[in-house]
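1. Give me a 3D structure for the following:
(one chain, ligands or ions: 1)
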Amino acid sequence: MIEVTDLHKAFGSVKAVDGVTFAARDGEITGLLGPNGAGKTTTLRMLYTLMTPDRGAVRVDGIDAATHAHEVRRRLGVLPDSRGLYKRLTARENVEYFARLHGIDEGTIKARCDALIDALDMGDIAQRATEGFSQGQRVKTAIARALVHDPRNVILDEPTNGLDVMATRAMRKFLLRLRGEGRCVLFSSHIMQEVAALCDRIVVIAKGRVVAEGTADELRAQTGESNLEDAFVRIIGSEEGLAA
Ligand SMILES: Nc1ncnc2c1ncn2[C@@H]1O[C@H](COP(=O)(O)OP(=O)(O)OP(=O)(O)O)[C@@H](O)[C@H]1O
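-> Predicted structure coming up:
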């Protein structure tokens, strides 16, 4: 469970996040949807303790990120916007390295790596150095790395960015699997179809603020639009940045 209360972050005169409040529950997929520059990445960075909020609170499984950052990090698996792999290591070595940083014993590391390589269909790339990996291969490796400590909560920044149709479908299936395991899954996207196809709840963010929240049906009802795309355009007040 991830709870965000009245989060603020400014960069000089730019109010990137301007009072964001929402909750992402266990066993659900929550989508943070907004146009380019809405404040999604900044919100997620504060959630996973990379950035300190100017104001507001983040709680993960009831634990305050400001006072117990280490405990919060243990409970989070994060796919950051920059996938950042070690290029001389193989995909498997990248994942194993992070597992060792988490202090996991070697037997468990082997079992978890085997399971993740299987679940993410990485058998053909696991033993290859990651230099030259395609976008999809990089994302898979970064996700395996994010999940190797078996976190209850999973945060993904634009997980399907740059993926082709097949890789996107595989990613959706994988996120549903995480939900089925009872995890709290939170991901950001600027693609409404992506969010609509997958999310139990949608948090719409624009100009650093939450402008709507609910299921896809609730958002349609709130706006009086039968078409989800029209509902989003109405909520956001512009089509800018809402590329498909
Ligand atoms: N480190 C930074 N320094 C200065 N401005 C920043 C910084 N990070 C974000 N911003 C600004 O804050 C605003 C929100 O950016 P953010 O990256 O959070 O948006 P986003 O919703 O993730 O957008 P996108 O979909 O384009 O990735 C933008 O105006 C951006 O230029």
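2. which one is M122 nearest to, not counting chain neighbours?
-> Nearest non-adjacent residue to M122, counting by CB to CB, 6 or more residues apart in numbering: K140, 5.4 Å away. Just so you know, the C-beta spots here come from the backbone N, C-alpha and C atoms, and that holds for glycine as well.
3. Hmm, I125 and the one you found touching each other?
-> Yes. Using CB atoms under 8 Å, K140 is in contact with I125, at 7.4 Å.
4. Between those two, which contacts overlap?
-> A91 (CB atoms under 8 Å, 6 or more residues apart in numbering).
5. can you pull the contacts of D230?
-> So D230 contacts T223 (CB under 8 Å, 6+ apart).
6. what about it, which helix or strand?
-> helix 228-236 (DSSP states H and E).
7. Also V78?
-> Here V78 sits within strand 76-79, counting by DSSP H and E.
8. Using CSV, write out every CA atom in that strand.
-> Only the C-alpha atoms of strand 76-79 are listed here, as CSV (Å, rounded to 0.1, in the frame of the first residue of the first chain):
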residue,chain,number,x,y,z
LEU,A,76,9.6,-1.1,-2.9
GLY,A,77,10.6,-2.5,-6.3
VAL,A,78,11.4,0.4,-8.7
LEU,A,79,11.7,0.7,-12.5
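9. who has more neighbours, K140 and I125?
-> K140 (27 against 21; other CB atoms under 10 Å).
10. who touches I109 in this structure?
-> E96, A99, R100, V148.
11. filter the residues you listed down to the ones close to the ligand.
-> Applying CB under 6 Å from any ligand atom, the subset of the contacts of I109 adjacent to the ligand is empty.
12. and for the helix or strand containing the residue nearest to M122, what are the contacting residues?
-> In this assignment (DSSP H and E), K140 forms part of helix 135-147. Helix 135-147 is contacted from outside by 77-80, 83-85, 91, 94-95, 98, 113, 116-117, 120-122, 125, 130, 133, 154, 156, 159, 161-164, 167, 171, 174, 178, using CB under 8 Å, 6+ apart.
13. Report the buried members of these.
-> 77-80, 83, 85, 91, 94-95, 98, 113, 116-117, 120, 122, 125, 130, 133, 154, 156, 159, 161, 163, 167, 171, 174, 178 (16 or more other CB atoms under 10 Å).
14. Summarise which helices and strands the helix or strand just after the strand holding V78 is packed against.
-> Per DSSP H and E, the first helix or strand lying C-terminal to strand 76-79 is helix 91-101. If contacts are counted by 3 or more CB pairs under 8 Å, 6 or more residues apart in numbering; DSSP states H and E, helix 91-101 sits against helix 106-119, helix 135-147.
15. looking at it, A231 is touching R220, isn't it?
-> Yes. If you go by CB under 8 Å, A231 and R220 touch, sitting 5.0 Å apart.
16. Compare neighbour counts for the two and give me the winner.
-> With neighbours defined as other CB under 10 Å, A231 and R220 compare such that A231 has more, 25 against 18.
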